[in-house]
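Engineer: no sequence for this one, just the structure:
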């Protein structure tokens with residue numbers, strides 16, 4: 001769920017990357033970094049923390065050049081270490097490269113073991129470093145061919161942006177699990193980013209999505225780019241991008257995230273109506289659009305009865321359970337005057353571990369709510385994702401271990417219902433396949 005960005009042929013490439021990463025801060029809060037190229041030298045600044053913490057005005061004096069790549073980290077592989085921050089910079093026989101990656105390589109352990117056996121020395125625990133070693137060890141004459149050779153070895157869900165001293169390579173895996181798109185900047189340069197919300201902030205014009213299995217090559221000083229279809233495609237965009245990950249103002253593969261979340265709420269109202277409810281409230285901010293859809297379809301009034309402290313980040317992408325629980329307490333505050341003696345429908349985007357929902361129900365009842373009926377705008381998560389979501393084991397997933405009724409009892413709600421898989425797919429648009437692995441356990445990448 002990381003954010004990646006690449007900028008080429010723009011006079012302030014690093015600064016554009018900074019603003020793009022700021023717009024995509026929701027995709028990762030652990031670490032951030034930017035590499036920029038000027039006069040055939042790539043320089044990198046990266047550290048743990050948010051974009052606004054890591055970079056200042058002095059950073060852009062260092063990161064000069066008209067080419068740059070950047071990354072916001074949300075760890076699914078590796079450790080919370082500065083060594084695991086991206087971009088990954090390396091010098092090798094063809095010069096210098098810097099790599100940013102969003103996704104997860106499912107055969108990373110096998111590749112790493114083989115590389116170490118052959119004498120490779122790793123500096124981090126990230127799967128991304130495997131790709132750098134594969135590129136460096138290739139005997140191919142050109143970087144494009146080395147990258148292609150490496151892509152034929154790795155398996156998984158991935159988006160890469162690779163910066164050399166003269167070119168930028170933008171790559172999306174054959175399934176298109178994670179989003180990636182390209183745009184045109186006002187000064188004539190190009191930008192590639194995980195989400196279109198990055199384009200809005202920097203004033204870029206959306207061109208198109210990167211196709212699954214495609215590599216797009218940009219060259220310094222050139223107004224044109226080259227596209228190569230590397231693999232046969234079987235598109236499976238991750239449904240969780242629409243449920244939770246993406247910013248609501250982003251457009252993912254031609255679909256507006258906000259409108260889809262409203263449709264999920266409408267479908268949820270049809271499937272799980274609550275008779276006699278006083279009003280519908282969202283868990284802010286990820287439940288807002290679905291709650292509006294639920295209220296519209298059900299005819300139950302909508303209320304903002306939970307206030308969110310926006311200076312606290314997203315709880316799901318915190319690396320430890322203790323940090324997640326503490327942030328829930330800091331982040332959400334109920335309005336007692338609105339809630340007292342009311343029967344309420346609470347809309348949230350998902351239940352992963354159950355701890356957040358348990359705390360939400362508790363604070364609402366403590367604030368005076370008579371009944372709390374939880375409605376979840378996604379199906380029950382019963383399987384860990386191997387493709388870039390932090391649900392690494394069945395033990396952590398409450399719905400993998402408890403029935404819907406048992407989950408209801410655990411979180412303390414008066415009732416609990418999830419959106420069906422069929423309604424989810426119909427809400428997103430059922431003309432294509434989606435990655436539904438968290439819900440149906442279909443591990444289509446082997």
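Structural biologist: Now that the structure is in, tell me what you want to look at. In this text the structure is predicted, and so the values were computed from the model without any measurement.
Engineer: Checking my notes, residue 259 in a strand, right?
Structural biologist: No. Assignment of residue 259 by DSSP: H, G, I helix; E, B strand; the rest coil gives helix, placing it outside any strand.
Engineer: pLDDT score for it?
Structural biologist: Residue 259 carries a pLDDT value of 97.
Engineer: And residue 144, by the same measure?
Structural biologist: So, for residue 144, pLDDT stands at 97.
Engineer: One more: the one 5 residues further on?
Structural biologist: At residue 149, the predicted lDDT confidence score is 97.
Engineer: Check whether residue 442 really touches residue 436, as I assumed.
Structural biologist: Yes. At 6.5 Å, residue 442 counts as touching residue 436 under the criterion of CB atoms under 8 Å. Where C-beta positions appear, they are placed from N, C-alpha and C, glycine not excepted.
Engineer: element containing residue 399, please.
Structural biologist: According to DSSP states H and E, residue 399 maps onto helix 398-401.
Engineer: Who are the contact partners of residue 188?
Structural biologist: For residue 188, the contacting residues are 9, 10, 223, by CB atoms under 8 Å, 6 or more residues apart in numbering.
Engineer: Please produce JSON lines containing those residues, extended by pLDDT and neighbour count.
Structural biologist: Shown next, in JSON lines, are these (pLDDT from 0 to 100; neighbours: other CB atoms under 10 Å):
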{"residue": "9", "pLDDT": "98", "neighbour count": "20"}
{"residue": "10", "pLDDT": "97", "neighbour count": "23"}
{"residue": "223", "pLDDT": "95", "neighbour count": "10"}
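Engineer: Can you pull out the low-pLDDT segments for the stretch 1-150 of the chain?
Structural biologist: 76-81 (pLDDT under 70).
Engineer: which stretches of it form strands?
Structural biologist: 3-8, 31-38, 41-48, 67-73, 88-92, 95-105 (DSSP state E, counting those that start in this stretch).
Engineer: export those strands to a markdown table and tack on mean neighbour count and distance to residue 395?
Structural biologist: Putting the strands of the stretch 1-150 of the chain into a markdown table (neighbours: other CB atoms under 10 Å; distance: least, CB to CB, whole Å) gives the following:
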| stretch | mean neighbour count | distance to residue 395 |
| --- | --- | --- |
| strand 3-8 | 30 | 29 |
| strand 31-38 | 27 | 27 |
| strand 41-48 | 18 | 27 |
| strand 67-73 | 31 | 24 |
| strand 88-92 | 17 | 31 |
| strand 95-105 | 25 | 19 |
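Engineer: With distance to residue 305 as added columns, please give those in JSON lines.
Structural biologist: Listed next are those as JSON lines, based on distance: least, CB to CB, whole Å:
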{"stretch": "strand 3-8", "distance to residue 305": "31"}
{"stretch": "strand 31-38", "distance to residue 305": "34"}
{"stretch": "strand 41-48", "distance to residue 305": "35"}
{"stretch": "strand 67-73", "distance to residue 305": "31"}
{"stretch": "strand 88-92", "distance to residue 305": "45"}
{"stretch": "strand 95-105", "distance to residue 305": "35"}
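Engineer: now for those, which one comes closest to residue 309?
Structural biologist: strand 67-73 (21.0 Å; CB to CB).
Engineer: one step back: of residue 442 and residue 436, which one has the most company?
Structural biologist: Comparing residue 442 with residue 436 by other CB atoms under 10 Å, the one with more neighbours is residue 436, at 19 against 11.
Engineer: neighbours of the closest residue to the more buried one other than its chain neighbours, just the number please.
Structural biologist: In space, and not counting its chain neighbours, residue 436 is closest to residue 239: 5.6 Å by CB to CB, 6 or more residues apart in numbering. By other CB under 10 Å, 23 other residues sit near residue 239.
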